[in-house]
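[1] below: sequence and its predicted model.
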Amino acid sequence: MIKLVATDMDGTFLTSKGYFDGHRLHNVLEKFEENNMLFVAASGRSLLALEKMFQHHADKMAFIAENGTLVKVGKDIVFESGLTKPQFLEIVDTLIESPYMLGHDFLLSGENGAYLHPDASDEYLDFISHYYENVQRVDDLANVTDNILKVTANFSEDTVRKGEAWFNQRIDYAQAVTTGFKSVDIVLRDVNKKTGLQALCAAYGMKASEIVAFGDNLNDFEMLEFAGTAVATQNARKEIKEISSEIIGHCDEESVMTYMEGLVD
């Protein structure tokens with residue numbers, strides 16, 4: 001019996017153009033509710049961005065945002081894990097020293113907004129604004145007073161895995177994980193999308209065997225390992241396909257939506 005369906009967003013539930021069919025989702029969520037099933041958007045995106053994306057469906061679903069650092073159902077925060085100011089400033093200083101990073105293309109993601117280094121490129125600002133709300137440059141990141149949940153940074157497609165490994169050799173309390181083909185997210189070590197699923201299981205008395213999870217990239221790894229049924233899209237990384245129970249179509253075919261419809265039709 002499936003009680004929870006969790007899906008990554010970019011490269012999985014969303015098409016490569018960031019689209020999903022709201023009418024199809026509405027119909028699926030109606031049937032999920034009839035069958036006491038919970039739909040969960042599990043993403044590296046901020047909670048603000050996810051709630052905006054699903055503004056017409058939020059009352060019938062849950063959110064695992066910021067790669068597991070924030071979990072929300074309805075108006076209730078089920079789990080939250082943030083970075084202290086000394087921690088996120090040390091992470092920033094470490095990124096600036098990285099031989100794999102050009103410039104200052106990184107961002108602090110907080111509960112109320114997202115914060116850029118004053119020297120971040122205009123190209124990065126345009127790119128990152130597709131995934132975060134209330135993005136703003138600040139003169140000094142040390143003056144940010146928001147609760148910072150994670151740091152995200154851009155490398156190149158050729159250097160992202162090297163940049164991830166380089167960072168993880170230098171900070172023991174935080175973990176960088178590849179989230180896209182040139183991006184990494186940095187959160188407290190041992191916090192990930194699996195942590196979010198565990199929080200939901202504890203809150204609602206569910207078991208891992210009652211979960212179906214979809215993913216495509218390395219920040220989905222722990223979530224898919226935890227779920228009773230792990231499903232990868234055709235465009236997923238090799239490492240994700242290797243641990244999945246099933247491989248379905250490409251994200252551009254809206255294959256996750258089709259799979260979800262199959263669960264209740």
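    Yep, that arrived.

[2] isn't K193 up against G68?
    Yes: the criterion here is C-beta atoms under 8 Å, and K193 meets it with G68 at 4.7 Å. In short, each C-beta sits where N, CA and C put it, glycine included.

[3] between the two, which contacts overlap?
    Common neighbours of K193 and G68 are listed as A42 (criterion: C-beta atoms under 8 Å, 6 or more residues apart in numbering).

[4] which pLDDT value belongs to K182?
    K182 carries a pLDDT value of 88.

[5] again, but for E51
    For E51, the pLDDT comes out at 96.

[6] which residues touch it?
    Contact analysis of E51 by C-beta under 8 Å, 6+ apart lists A58, F63.

[7] repeat that for the one 3 residues further on.
    When contacts are counted by C-beta under 8 Å, 6+ apart, F54 is found next to A41, M61, F63.

[8] check for me that the last one belongs to a strand.
    Looking back up the chat, that one is F63. Yes: F63: assigned to a strand according to DSSP: H, G, I helix; E, B strand; the rest coil.

[9] hey, what's it bridged with?
    Under DSSP bridges, the beta-bridge partners of F63 are A41, K72.

[10] hang on, the earlier thing: save the contacts of F54 as CSV, and put in neighbour count and pLDDT too.
    Putting these into CSV (neighbours: other C-beta atoms under 10 Å; pLDDT from 0 to 100) gives the following:
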residue, neighbour count, pLDDT
A41, 24, 98
M61, 20, 97
F63, 24, 98
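
[11] from those, pick the one nearest T233.
    Closest to T233 out of these is A41 (15.4 Å), distances taken as C-beta to C-beta.

[12] distance of the closest one from M206?
    Going from A41 to M206 by C-beta to C-beta, to the nearest Å gives 17 Å.

[13] pull the number of nearby residues for V144.
    17 (other C-beta atoms under 10 Å).

[14] I figured it hits S109, correct?
    No: look at V144 against S109 with C-beta under 8 Å: they stay out of range, at 10.8 Å.

[15] from E246, how far off is the residue of the chain positioned farthest from its centre?
    Residue farthest from the centre of the chain, counting by C-alpha atoms, centre = their mean, is D265 at 28.1 Å. Distance, D265 to E246, using C-beta to C-beta: 17 Å.
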